[in-house]
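[1] A structural model of the following input is requested.
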Amino acid sequence: MKKIVTVFGSSQPVPGDEEYETAYGLGLLLGEAGLSVCTGGYQGIMDAVSKGAAEKGQEAIGITVDLFNAVPSRYLTKNIECHSLFERIQKLIESGDAYIILRGGTGTLVELSIAWEMVNKRLIKKKPVACHGSMWEPLINLMDKRMKMENRETGLVAYFESIDRCVEYIISSI
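    Now for the predicted structure:
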């Protein structure tokens, strides 16, 4: 069965922006590795990752919800429509064999937190979680300190500056 990497990130970047181009490169790398991608299905990072994977002949799954008055990415090969934001997040997490978190705002933070908690509490089987970009490093370090204090497993979320290293980690972990 083909592996799926769920990618979370901002809906704001547009083609030409560094964040968009990084996400597009991520989609290409995942596609070249024979991995399908799953995103929230709209624009920004979701569009860029879907474009990259689709250009490499891989499936680009979008999990959408009609709350944002947003247009789904034209690069999706499959669109799963949800009735609520919580159902959408649940399907994004269930669909992934691994997760990559790119830069984003509060929505991306919620998605990272839920994926991390599901793995931490063993509500889902352990799956690799990789964050890209320096914005995540302080959060991961802070939470790992707390997890250690609570005698919980640390290192559940990896952090990388390089998108190539992020992909290498995911490929080696699934």
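
[2] distance of I89 from P72?
    Distance of I89 to P72, given as CB to CB, to the nearest Å: 17 Å. (Each C-beta comes from the backbone N, C-alpha and C, glycine too.)

[3] residues near A70, how many?
    16 (other CB atoms under 10 Å).

[4] If we ignore the residues flanking it in sequence, what's nearest it?
    Closest residue in space to A70, ignoring its immediate chain neighbours: Y42 at 4.5 Å, by CB to CB, 6 or more residues apart in numbering.

[5] more crowded one of I89 and P72?
    Neighbours of I89 and P72, each counted by other CB under 10 Å, are more numerous for I89; the result is 20 against 17.

[6] So the more buried one: helix, strand or coil?
    Under DSSP: H, G, I helix; E, B strand; the rest coil, I89 falls in the helix class.

[7] Next up, the contacts around W116.
    129, 143, 156-157 (CB atoms under 8 Å, 6 or more residues apart in numbering).

[8] Over to it. Which of the three states is it?
    helix.

[9] Remind me which helix or strand L142 belongs to.
    Using DSSP states H and E, L142 falls within helix 137-149.

[10] tell me which strands and helices that helix is in contact with?
    If you count contacts as 3 or more CB pairs under 8 Å, 6 or more residues apart in numbering; DSSP states H and E, helix 137-149 packs onto strand 157-160.
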